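> Below are the sequence and a predicted model for it; my questions follow.
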Amino acid sequence: MRILVMGAGAIGAFYGARLQKAGEEVYFCARGDHLRALKEHGLEVASIDGDFSLGVNATDAPKEFAPYDLILLCVKSQQTIAAANQLKGCLAEDGAVMTIQNGVENEAALCEVFPRENVMGGNARVGAEIVAPGKVLHTVAGTIEFGELDGRETARANRIAAIFRRAGIFGELTHDLVTIRWHKLMGNNGTNTVCTLGRCSVGAAIEDPEGYQLVRTLFIETAIVGRAEGAKLDEESADTLLNQIKRLPNLNAVKPSTLQDYERGKPLEYDAITGAVIRAAKRHGIAVPATEIVHALLKLLDAGNPPR
Amino acid sequence: MKILVMGTGAIGAYFGARLQEVGEDVTFCARGKNLLALNERGLQIQSFRGDFQAPVRAIENPREAAPYALILFCVKVYDTDAATESLKECLAPGGAILTLQNGVESESRLIECFGVDAVLGGNARVGVEMTEPGKVIHLSTGVIEFGELDGRETPRAARIAEAFGRAGIFGELVSDLLTFRWSKLLWNSAFNTVTTLTRRTVGELLEDADGMRLVRALMNETLAVAKAEGAKLGPDRIESLLEHSQKNLRALKTSTFQDYQKGKRLEYDALSGAVVRAAHRRNVTVPAMETVHALLKLLDRRLS
């Protein structure tokens, strides 16, 4: 399958590398120093599942190698519209653009640019970090849960599932995208926020009793809003997720992507997380006080990042 | 008057310098590079009220120049125990130790060490920053509001007020210390916390609608706790603090934010922690304060 990784940050680079290693034809769209490094030295993956490096096809112009059967959209949510416009005319006829970005609003944004039947959604379940241009560090998990927007099990979805399986990145083919997207957002709204504001790993955040309580409160607020949006989540899902997180290995090395943004002096991807929860909460008249606090703090932190 | 500045950070250095300038016998207790700089180059203050530059007596062990008639207690709250230990027997008979520290919990700790008769409390109302060892920049206000714990106007308090007045650092001799201390905490527990978590100045915070909503939520919670503790404060106090901030404090980097930038421990527990502890005692709910407290606790640990 001809695949474009749109936005070869930590997540895109990791999944693209796995797919290429399993024999797929992968192109990486990147910019700046990272693009130069990919072109000159290829991609280096330091992974809990074994290190490897690859020569890769890298470009900053997705049209160059179009059309693609599958586009994995991995840019930051602030860049979704710009990226989608750059991708016009780049999909093969029955091709799919699959957003595995954070948040729950990117599918709808993609449907503004692509026909609805070409859009798929998914969760990147992975801890990864770009440690230098062309170098990605993989710290935890590493699968994709995905599905069609309408939940049907299409031939296309099955084909994608098969190649994800071969690459060792298959998580789940879901009939209920809303639930899994909100489930991931629940995790992000608790850990990306607290770890960025507290400048700490996920492990450090939940080891601290007050940190744990705050993460839990944010999970529960998200679950309640997600439920109103049609996701099968409740307070118990929040505790189940906390227990799953606690059992993850390597937790003191896991830095959520928003904290990585902060440390690199890049714009913070908070609005797709806290903002999305607050917008949905308003639609349903639900109070989300803790989310509103971390949203305000992240907005102010973002406005001054990088520090002058 | 023989005065010890215990803890020559920005605040101690500023007030000590003003007192020395008008002829008081001031000793500065400091550590490390700061102590070295004070001894080698003296103390330098750049101030809108007039610059100060002079040699000072700086020591590491306060016993060296004891006893003192007045100790201005200016160490970070988390250094209180170590500082009181080193001050044993350093007060002259009838002498006073005046805490200018942030928070509302220092007085009771000093009483345990020095006895209730020796302790006074106060607010340092000043915007200052130590830019390098031995150098302080003074940006706003510059007075001390203080009083006896029981609110009486004693001859001792009057003598201190007179010296502060001559030095141009007299704010007010207060008969209701509890209200004054909570009034300062009302500001600190909102602005020090949020500016540190967001790395913004007071002015940048005031300009952001979401930031202001958060500041108001925190102030409302602290006000409820302060009232439960017996402070005579109402919602009008929040409005006047915000107005004062808007007018005079826009450029201010709070001390906790300065600590963060210098990679030092954060003095957050004396602020958000004090509010949360008092709230629990009084059965007041403070969800916003608990949230920023948890985040500051995590942020503080980045150092360890």
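Right, received. Where do you want to start?
> quick one, domains of chain A?
Using automatic domain parsing, the domain parsing of chain A gives A:2-175, A:179-303.
> Now the shortest one: average pLDDT?
Meaning domain A:179-303. Per-residue pLDDT values over domain A:179-303 give a mean of 96.
> And what about the residue in chain B that chain A sits nearest to, helix, strand or coil?
In chain B, the residue that lies nearest chain A is B:Leu298 (2.8 Å; CB to the nearest CB). In this view, the C-beta of every residue, glycine as well, is placed from N, C-alpha and C. Applying DSSP: H, G, I helix; E, B strand; the rest coil to B:Leu298 yields a three-state assignment of helix.
> rewinding a little: got the domains of chain A as JSON lines, with distance to chain B columns?
Formatted as JSON lines, those follow (distance: least, CB to the nearest CB, whole Å):
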{"stretch": "domain A:2-175", "distance to chain B": "17"}
{"stretch": "domain A:179-303", "distance to chain B": "3"}
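> winner for burial among these?
Stretch with highest mean neighbour count among the domains of chain A: domain A:179-303 (a mean of 21; mean count of other CB atoms under 10 Å in any protein chain shown).
> Could you pull up the contacting residues of residue 163?
Using chain A. Neighbouring residues of A:Ile163 by CB atoms under 8 Å, 6 or more residues apart in numbering or on different chains: A:Met1, A:Leu19, A:Ala22, A:Glu24.
> wrong chain, I was asking about chain B
Contacts of B:Ala163 by CB under 8 Å, 6+ apart are B:Met1, B:Leu19, B:Val22, B:Glu24.
> who's in contact with the closest residue to B:Asp300 other than its chain neighbours?
In space, and not counting its chain neighbours, B:Asp300 is closest to B:Leu266: 4.3 Å by CB to CB, 6 or more residues apart in numbering or on different chains. Contacts for B:Leu266 (CB under 8 Å, 6+ apart) come out as B:Thr196, B:Thr256, B:Asp259, B:Tyr260, B:Leu296, B:Leu299, B:Asp300.
> where along chain B do the helices fall?
Counting by DSSP state H, chain B has these helices, from start to end: B:10-21, B:32-41, B:80-86, B:106-114, B:155-167, B:177-198, B:202-207, B:209-228, B:235-248, B:255-261, B:274-282, B:287-300.
> could you dump those to TSV with distance to B:Pro67?
Shown next, in TSV, are the helices of chain B (distance: least, CB to CB, whole Å):
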stretch	distance to B:Pro67
helix B:10-21	17
helix B:32-41	21
helix B:80-86	14
helix B:106-114	12
helix B:155-167	15
helix B:177-198	25
helix B:202-207	40
helix B:209-228	36
helix B:235-248	38
helix B:255-261	29
helix B:274-282	31
helix B:287-300	36
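> My read is that B:Thr256 contacts B:Glu267, right?
Yes - if you go by CB atoms under 8 Å, B:Thr256 and B:Glu267 touch, sitting 5.7 Å apart.
> Mind listing the shared neighbours of the two?
Counting by CB under 8 Å, 6+ apart, the residues touching both B:Thr256 and B:Glu267 are B:Asn192.
> Phi first, then psi, for the residue nearest in space to the middle of chain A.
Ranked by distance to the mean C-alpha position of chain A (CA atoms, centre = their mean), the top residue is A:Gln101 at 3.6 Å. Note on A:Gln101: backbone dihedrals following degrees, to the nearest 10 are phi -80, psi 170.
> Now it. Nearest residue, chain neighbours left out?
Nearest non-adjacent residue to A:Gln101, counting by CB to CB, 6+ apart: A:Ser77, 5.3 Å away.
> my read: that neighbour touches A:Val104, true?
No - using CB under 8 Å as the test, A:Ser77 is too far from A:Val104 to be in contact (10.1 Å).
> List the residues that contact B:Cys113.
Counting by CB under 8 Å, 6+ apart, B:Cys113 makes contact with B:Thr84, B:Leu87, B:Lys88.
> mind putting these in a markdown table, distance to chain A included?
Listed next are those as a markdown table, based on distance: CB to the nearest CB, whole Å:
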| residue | distance to chain A |
| --- | --- |
| B:Thr84 | 28 |
| B:Leu87 | 33 |
| B:Lys88 | 35 |
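> Now, of those, which are buried?
With burial judged by 16 or more other CB atoms under 10 Å in any protein chain shown, the buried subset of the contacts of B:Cys113 is B:Thr84, B:Leu87.
> Turn the contacts of B:Cys113 into a markdown table, including pLDDT.
Supplementary listing: the contacts of B:Cys113 in a markdown table, determined by pLDDT from 0 to 100:
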| residue | pLDDT |
| --- | --- |
| B:Thr84 | 97 |
| B:Leu87 | 97 |
| B:Lys88 | 93 |
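> what's near enough to touch the residue nearest to the centre of chain A?
Each residue near A:Gln101 by CB under 8 Å, 6+ apart is listed here: A:Leu73, A:Cys74, A:Val75, A:Lys76, A:Ser77, A:Thr80, A:Ala124, A:Ala272.
> Mind telling me what element A:Glu44 is part of?
Taking DSSP states H and E as the criterion, A:Glu44 maps to strand A:43-47.
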